[in-house]
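Engineer: just need the structure, nothing else, for what follows:
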Amino acid sequence: MADAHSPFHLNLEDVTAGYGGPPVITDVSLGVAKGAIAAVVGPNGAGKSTVLKAAIGELSVTSGAITLGGELITNLPIDALARKGLGYVPQSRDVFDPLTVRENLEMGGYLLNGAEMRDRMAEVLSIFGILERLMGRRAALLSGGERKVTAIARVLMLRPSVLILDEPTAGLSPKLSSELLTEHVRGLANRGVAVLLVEQKVVDALAIADWAYVLANGRVRLSARASELVGRQDLTDVYLGMSESGGDGTIKAGAQA
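Structural biologist: Numbering: from 1, shown residues only. So this is what the prediction gives:
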């Protein structure tokens, strides 16, 4: 049963989900608190994106529970979750190409009235100053970095308390990847947003995250402070498929201190 007193603002407890056949993820428990970043890393096919899709209601959760601020949100549709403060930026199709940056932001703030829209847009632009000179540019003409910042800014228009990011650095250069993670993603957490991050650039993700979960074969195999996972041999073992759980020195899921 979900714990309403969990320290996590977003909490997944023993979640099992898939695409109609055998489960892709099984008994996954993880969470993130306000003002923190939780990174979900693991080899290709580990189930990372499935975890996010279950969290946002895109996939049906067959067992387990998901709570947001202590409220049960399991299997709610994504529009209802947006109203409750959950924002999601997918890996692809993250902006509306035919629309300008301004129009993308307006689409993100679709629940706001005119005055709220103006005030929130000003706030978002104060966070992402790079967008001020791009407001009239069509999203299709943006660079990769500009596009991703626009996607995040669009989601922020509704002031989400949780931001879920799926591979935000995909297709970006190492320099742009580092800037996006260290300046923008970390900056949002510093403003009090709970960030759940799936990222293939493991070293970069662990550098900005507070906590990290390592998935392999659809299960959480390691869970620890991000700084503790850097250089751990058992992390390498999980990635190579050499060990999945247990073993002396392994930090198991839920062993937060």
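Engineer: hey, which helix or strand in the chain has the poorest pLDDT?
Structural biologist: helix 233-240 (a mean of 65; mean pLDDT, DSSP states H and E).
Engineer: all strands for the chain, in order.
Structural biologist: Counting by DSSP state E, the segments of the chain that form strands are 10-17, 25-32, 37-41, 61-68, 71-72, 86-89, 162-166, 194-198, 211-216, 219-225.
Engineer: wait, which of the ones you listed is closest to residue 153?
Structural biologist: strand 86-89 (9.8 Å; Cβ to Cβ). All C-beta atoms are positioned from the backbone trio N, CA, C, and that covers glycine.
Engineer: got any ranges where the chain has weak pLDDT?
Structural biologist: By pLDDT under 70, the low-scoring segments of the chain are 1-6, 233-257.
Engineer: can you tell me how far the spatially most central residue of it is from residue 52?
Structural biologist: The centroid of the chain falls nearest to residue 164 when counting by Cα atoms, centre = their mean (2.6 Å). Going from residue 164 to residue 52 by Cβ to Cβ, to the nearest Å gives 6 Å.
Engineer: now list whatever residues contact both of the two.
Structural biologist: 88, 196 (Cβ atoms under 8 Å, 6 or more residues apart in numbering).
Engineer: before we move on, back to that, save the strands of the chain as TSV, and put in distance to residue 122 too.
Structural biologist: Listed next are these as TSV, based on distance: least, Cβ to Cβ, whole Å:
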stretch	distance to residue 122
strand 10-17	27
strand 25-32	28
strand 37-41	26
strand 61-68	27
strand 71-72	30
strand 86-89	19
strand 162-166	19
strand 194-198	23
strand 211-216	33
strand 219-225	36
